[in-house]
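Q: Task: produce atomic coordinates for the following.
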Amino acid sequence: MNLQDASGVLRKVLFKISRVIISIFPGRRIPVFGSGPEMIGLIVVINLDRQPGRWRRLSRELKRFRTYDGFPLASIIQRFSAVDARDGRASAATADVDSVYCIGDQLYVQPDARLEAHFSNDEPIKMTRQEIAVARSHVEVWKAIAAGDKEYVLVLEDDVWFRLGAVAAITRGWQAAIRECSEDHGPHLLYLSYEDAGGTAERMNCCGDLFRPVRGLWFLSGYVLSRYGAAALLRAMPVVGPVDLWMNYRFNELGALALSKPAILQRHDGASDNAYSVLPYLARAGIVDAGTGLMAPDQIDSCSVMAWTAGGPREGLAMALAMLGLRVCVFDADEEEIQPQELLNLFTVFDVLLDVPLTPETFNTVLARTEIKFIVEAGTEQRFKFELKSLPSLRSVFLSDLESDFQMWDPLCTLLNLPRPAQGYPIGAPRGSRLFRWNRLCDLSHQDQFESPETYFLLDVSPWVLPPQYGWRPAHLSGNEMHPVGNCLLYTDMATETPSFIGLVETFPGNMASFSKENLVCDEDGTHLTISAIPTGNRPYRAGAFASKQSFEYGRFEAEIKAARGSGLVTGFFLHRDSPRQEIDIEIAGDAPESMLVNVYFNPGDEGATFGYGYRGSPYRVELGFDASLDFHRYTIDWRPDRIVWSVDGRVVHERASWDPTPVPHLAMRLHANLWAPRSEELAGRIDIQALPATTTFKNITLWE
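A: Residues are numbered from 1 along each chain as shown. Coordinates of the predicted model:
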């Protein structure tokens, strides 16, 4: 899997120019390709139907070279139509692909003490649709090779190029592989392209041109496979997990070989549209940044976009740009006009300014800034005074309201040079939710009125959290009074089990406890959740949890809680959803019950969008002034479209508005309560087994509109 940092914009441009220039000059003969019995007789290129440009580009690259017989290398190319992740049925797991693998598989390929410390080897990971599609594409190619008449086939993904010296490296490597495998009627698998897994690959050297990998190679962008090797892979199916990971388990049986140095590399001028299932786990373990979204940081920093919409009931364009990994700030057309310097200041915080009311001077300033790009929806002329048709055509795109959902992505992604998401174009949040509104107007003066940075935690660097240089601090509280509420939707004293709450919920990554109904007990004092040192499944502890059966769109959520005491324990009361992941938290750590942690996680998209970045969120520790483990106190989350307010015993203790420092979650969530044991000691310390069993109690849960 490609976890490399993206190259800079200039590097990409220079690379593209260099490949075009090189393609003009004829390449050399590569004698290992041809019709001979020990030659590579076919090249299969895996290419998506919606990526014809990549196919043309790679064909041009291969036309430079000739076979042993003197024919253009392109004469032995066969295009294979890749499985598309956007086709939900085509990218679903089948008998050929098992979509669930585990942390131990990742650690087998690339050992990492941090990942091992945070998760057990048996922690399950579910592949993304993109990973399933890639795996199924390679499997279908193997089937064709096994049934074909070519003894050796080079399989290429469509985003590769041949580095300088590739001809000599491939020739020497193939000849050495034939010698090395003469007794095995091989070679059966030879990597011409790969990445050493963080420098941890285990290898046995054969000669100066080859080595035998034991484990530790990523990528399947260029490899030679024999008919025997293809049949062996098919016999070993299903593919479990990402296909390049699974291949590491096949090295021994296939006698795999690899060039001492890759001869085929992935291009620098195209962003990958893959999505990696292991990223959230790497983020939680602190190995990668928690959420670089769909683009790398240098791409985010290079984007400055102004957009104008027709002002419909839903904010589809704003949501679409957020799904591309951009920070989006939306204005109302009737707001005060923005002055030039104020607008430039906004671009230090946001990537996209949408529906900004501009003065003529500001509009002219924008036109003069060559780094700014423009997006205009159909029907905007009536809403804005300035002439949008005067926008520079090379830096602008005008969206038609006749285009289909998927067609809407193409002009945006082309303009911004970003990969198109697997999800459909969003309907967007209701305009009344004011999801991406900026409420502070870049007023940073509030920051000096708060405590030292030790009172809050490290923020995510995901695209949907304000950038670290903004130096977020909690906002001033609007007052000590609770906001008005609507009708009461639910009340229960929790003295008995209620159908409104499900008493068994799934555990989650990073939790050392499995949830069990045996650890949930109701009596006249409320519902007791207990954690005990009873191994369950692959986890050393067993604990209790419950969740609402219904999901809620906004409201006030309140419970009386007596928290658990003990190092390594966390009492949780929170709202949560997946696809996309959003969450609003109250957590009380058992080693510091005099305070509580509040947190918000935001990911964009409509219902079903598979965004799950942002694993540190934007936490803040609130001092309670009492020990939460000694008695019951009333904890409240008041979630509105434009803000979230946390209260304890009726006193407001913390507030968040939109972009403070994340957008406010906008999709329906379930209410959860649990007692759990984090693998990370940073949150609640090392677990004290002598303190187990430990219990937290919930009672008098009330939900209002």
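
Q: for the chain, longest helix please?
A: helix 129-147 (DSSP state H).

Q: what helices or strands is the helix or strand following that helix leaning on?
A: For helix 129-147, the following helix or strand on the C-terminal side (DSSP states H and E) is strand 152-157. Applying 3 or more CB pairs under 8 Å, 6 or more residues apart in numbering; DSSP states H and E, one finds that strand 152-157 makes contact with strand 42-47, helix 129-147, strand 222-226. Where C-beta positions appear, they are placed from N, C-alpha and C, glycine not excepted.

Q: Sort out which residues of the longest helix of the chain are buried, please.
A: 129-142, 145-146 (16 or more other CB atoms under 10 Å).

Q: Residue 251 should be in a strand, yeah?
A: No - Residue 251: not assigned to a strand; according to DSSP: H, G, I helix; E, B strand; the rest coil it is helix.

Q: Skip the chain neighbours and tell me the closest residue to it.
A: residue 213 (5.4 Å; CB to CB, 6 or more residues apart in numbering).

Q: For residue 375, name its beta-bridge partners.
A: Taking DSSP bridges as the rule, residue 375 bridges to residue 307, residue 397.

Q: That one - how many residues pack around it?
A: 23 (other CB atoms under 10 Å).

Q: Test for you: state the pLDDT assigned to it.
A: Looking at residue 375, its pLDDT reads 93.

Q: Repeat that for residue 388.
A: 73.

Q: Contact partners for it?
A: 308, 374, 376, 380-381 (CB atoms under 8 Å, 6 or more residues apart in numbering).

Q: Go ahead and produce CSV holding the CA coordinates of the host helix or strand of the residue nearest to residue 251.
A: Using DSSP H and E, residue 213 maps to strand 210-215. Output of strand 210-215 as CSV, limited to C-alpha atoms (Å, rounded to 0.1, in the frame of the first residue of the first chain):
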residue,chain,number,x,y,z
LEU,A,210,18.3,-10.5,-6.9
PHE,A,211,17.2,-11.3,-3.4
ARG,A,212,14.7,-13.7,-1.9
PRO,A,213,12.1,-11.9,0.2
VAL,A,214,11.0,-13.6,3.4
ARG,A,215,8.4,-10.9,4.2
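
Q: which helices and strands sit right next to that strand?
A: Checking 3+ CB pairs under 8 Å, 6+ apart, strand 210-215 ends up next to helix 166-180, strand 202-205, helix 251-254, strand 257-259.

Q: Give me the angle between it and helix 166-180.
A: 80 degrees (axes from the mean of the first three to the mean of the last three CA atoms, to 10 degrees).

Q: can you pull the contacts of residue 697?
A: 525-529, 561-562, 632.

Q: which SSE is it in?
A: Residue-wise, residue 697 maps onto strand 694-704 under DSSP H and E.

Q: who does that strand pair up with?
A: Strand 694-704 has these strand partners (DSSP bridges): strand 488-492 (antiparallel), strand 526-531 (antiparallel), strand 555-562 (antiparallel).

Q: of all those strands, which gets the most neighbours per residue?
A: strand 526-531 (a mean of 24; mean count of other CB atoms under 10 Å).

Q: Run through who's touching that one.
A: Residues contacting strand 526-531 (CB under 8 Å, 6+ apart): 493-495, 513, 519-522, 541-546, 560, 564, 569, 673-677, 692-700.

Q: now stretch 191-207
A: Outside of stretch 191-207, the residues within contact range by CB under 8 Å, 6+ apart are 2, 4, 109-112, 154, 160, 170, 173, 176, 180, 211-219, 221-224, 256-259, 262-266.

Q: Need the buried ones from these selected in ChimeraX.
A: Buried members of the contacts of stretch 191-207, identified by 16+ other CB under 10 Å, are gathered into one ChimeraX selection as follows:
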select :109,110,112,154,160,170,173,176,180,211,212,213,215,216,217,218,219,221,222,223,224,256,257,258,259,262,263,264,265,266
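
Q: hey, where'd the helices end up in the stretch 1-150 of the chain?
A: Shown for the stretch 1-150 of the chain, the helices assigned by DSSP state H, counting those that start in this stretch span residues 9-24, 52-62, 103-109, 113-118, 129-147.
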